[in-house]
Each structure stands twice: as C-alpha cells, then as structure tokens.
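>>> I'd like to go over a predicted model; first the sequence, then the structure.
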Amino acid sequence: QAQLTESGGGLAQPGGSLRLSCVGSGFAFSDYAISWARQAPGKGLEWVSGVYNDGYDTYYADSVKGRFIISRDNAKNTVYLQMNNLKVEDSGLYYCAKDLGDGSRLFSDSWGQGTLVTVSS
C-alpha cells in the first residue's frame, strides 16, 4: 500500500523560504509522478506543482511559478518543494500525492497526511 509522508512545514515570514519533503514507500516510486497540493483554511484544494517520474518535467500553478521549485531524488524516494519569496497567501496544509498522470494537474490516488505552512510576520 502506498504511503507518503510530508515534512518541513513551519512558520516563515513573508519573503522567507521553506523546503518541504515528501517520502514515498510501498510503491515503485520512480514509476510515478508526484504532485503537491495545498488547502488554505476555509478554501478548497489547490494543485501547486508536479514532477514527472524522471524529474526532468516539472509543472507549476501560476500562483507559485517563479517562486517554488520542485525536484525529486528517486534514490531516496523523495520529492522536494523549495518555496521561496513566501507570501501570506501561501499558508495552508500542504499535501504530496502519488500522481496517476504526468504531474501537470491533480490526478492522484494516494495522499500524505500533510504538513502545515504558516506565513506570517
């Protein structure tokens, strides 16, 4: 059974940075794209970014393009989301997901428990 575990969330100031990690197990990690999505309080789930199986193709929502960088290390079964120049509106619970597509949109069947990101001065 696929399992995904996020870490790296916390409190950051506007303009600051955080790096999230997602470790996968129980499935052939390198065979799947991985996506990140987030949910702000009182709002719906928003797809943020995705990375294809080999790590060469990456995708971003317009709201984070130019500020976030997704990468993966298949040897460590880990996907990273480097978040720079954080804004208050980036706050929320961040989930990683095993993606059934290419990572360019949310199409997932397994999710982690989430890691909380709070951006505040």
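All right, it came through fine.
>>> And the strands in the protein?
Along the chain, the segments classed as strands by DSSP state E run 3-7, 10-12, 18-25, 33-39, 45-51, 58-60, 68-73, 78-83, 92-99, 108-111, 115-119.
>>> partner strands of the second one, parallel or antiparallel?
Strand 10-12 has its sheet partners listed here by DSSP bridges as strand 115-119 (parallel).
>>> and what of the fifth one?
Looking at strand 45-51 with DSSP bridges, its partner strands are strand 33-39 (antiparallel), strand 58-60 (antiparallel).
>>> Most tightly packed of those strands?
Ranked by mean neighbour count, the strands paired with strand 45-51 are led by strand 33-39 with a mean of 24 (mean count of other C-beta atoms under 10 Å). For the C-beta atoms, the positions are set from N, CA and C on the backbone; glycine is no exception.
>>> and Val119, what is it in contact with?
By C-beta atoms under 8 Å, 6 or more residues apart in numbering, the residues touching Val119 are 11-14, 16, 86-91.
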